[in-house]
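In: just the structure for this:
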Amino acid sequence: MSSTESLTTTNLLACATELLSSGGYRRAQAISAQQWPAANAGVFEDSFGIVAVIIYDTWRDLESTWSDAQAAFVELISRQFSSSDAKAWDGYLVLLTPAAGPYSGVTNIRYDTSRVRKLVATGDELKTLADVERALLPLLPLDTEVPLGEEESVLEMLPQILSNRNVPEGAVRAVLQGFEEQQPLMDRLFSYLGGNEDQGS
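Out: The predicted structure is shown next:
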């Protein structure tokens with residue numbers, strides 16, 4: 001699937017399957033005997049946890065039946081694993097739809113931490129293959145192939161980052177210099193601010 005191809009329920013599941021498989025998950029056989037409230041669904045597991053991915057045609061379908069999907073997933077987990085098995089306590093329910101959904105509704109489901117953890121993404125966030133990967137990021141392994149060259153340290157990058165958010169770069173540099181010299185940070189900041197006022201800036 002190309003990164004620019006529009007997402008449908010079918011290719012959303014295919015994309016999620018590909019991403020989870022490349023992240024070390026395998027498809028669980030338990031899916032065949034399970035009843036899900038949506039036609040496109042898959043269950044995946046690795047050595048540590050289990051993930052159910054349910055794809056809905058519309059936001060209304062997702063909103064009205066996600067709790068059914070959760071109940072089915074919890075039942076599957078309780079059938080497959082004893083309470084002493086670590087997987088029984090590490091379940092993720094991934095709810096996806098190519099249709100847009102209201103922010104408040106999506107947030108309410110995301111923050112419902114009862115029974116299993118939920119990852120939710122709608123058409124507002126899912127436009128490309130990269131968006132699907134972002135939605136599944138909490139389940140995927142960290143990218144360890146980061147080049148370790150002569151990169152700037154976080155502290156060196158901080159003045160520029162904060163200046164993009166309208167924090168004066170000079171103020172940040174003054175505080176960082178105080179930090180590096182183990183000086184009181186607020187003294188350095190007040191000294192910087194006082195000096196700028198004296199110069200009329």
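In: mind listing the helices in this protein by residue range?
Out: If you assign secondary structure with DSSP state H, the helices in the chain sit at 9-22, 59-80, 103-110, 129-136, 154-163, 169-180, 185-198.
In: got CSV for the ones you listed, with distance to residue 36 too?
Out: Any C-beta I mention is one placed from the backbone N, CA and C, and that applies to glycine too. As requested, those are exported to CSV (distance: least, Cβ to Cβ, whole Å):
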stretch, distance to residue 36
helix 9-22, 11
helix 59-80, 6
helix 103-110, 16
helix 129-136, 18
helix 154-163, 44
helix 169-180, 51
helix 185-198, 54
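In: next, the angle from the lowest-mean-pLDDT helix or strand in the chain to helix 169-180.
Out: Here the helix or strand of the chain ranked lowest by mean pLDDT, DSSP states H and E is helix 185-198, holding a mean of 76. Relative orientation of helix 185-198 versus helix 169-180 (axes from the mean of the first three to the mean of the last three Cα atoms, to 10 degrees): 150 degrees.
In: and the contacts of helix 185-198?
Out: Residues from elsewhere that reach helix 185-198 (Cβ atoms under 8 Å, 6 or more residues apart in numbering): 170, 171, 174, 175, 177, 178, 179.
In: out of the residues you listed, give me the one that has the most neighbours.
Out: When neighbours are counted by other Cβ atoms under 10 Å, residue 174 leads the contacts of helix 185-198 with 23 neighbours.
In: now do that one against residue 24, distance only.
Out: With distances taken as Cβ to Cβ, to the nearest Å, residue 174 is found 46 Å from residue 24.
In: what do you get for residue 170?
Out: Residue 170 is 47 Å from residue 24, by Cβ to Cβ.
In: what does residue 162 give?
Out: Where residue 24 is concerned, residue 162 sits at a distance of 37 Å (Cβ to Cβ).
In: could you do residue 184 as well?
Out: From residue 184 to residue 24 the distance is 48 Å (Cβ to Cβ).
In: between these two, who's got more neighbours?
Out: Ranked by neighbour count (other Cβ under 10 Å), residue 184 and residue 24 place residue 24 first, with 14 against 10.
In: the nearest residue to that one once chain neighbours are set aside: neighbour count?
Out: Leaving out its chain neighbours, the residue that sits closest to residue 24 by Cβ to Cβ, 6 or more residues apart in numbering is residue 46, at 5.1 Å. Around residue 46 there are 16 other residues, counting by other Cβ under 10 Å.
In: per-residue pLDDT, residue 46?
Out: pLDDT for residue 46: 91.
In: go on, residue 52?
Out: With respect to pLDDT, residue 52 scores 94.
In: so what sits opposite it in the bridge?
Out: With DSSP bridges as the criterion, residue 52 is bridged to residue 43, residue 93.
In: distance of it from residue 105?
Out: Distance of residue 52 to residue 105, given as Cβ to Cβ: 20 Å.
In: more neighbours: which of the two?
Out: Higher neighbour count among residue 52 and residue 105: residue 52, with 27 against 15, using other Cβ under 10 Å.
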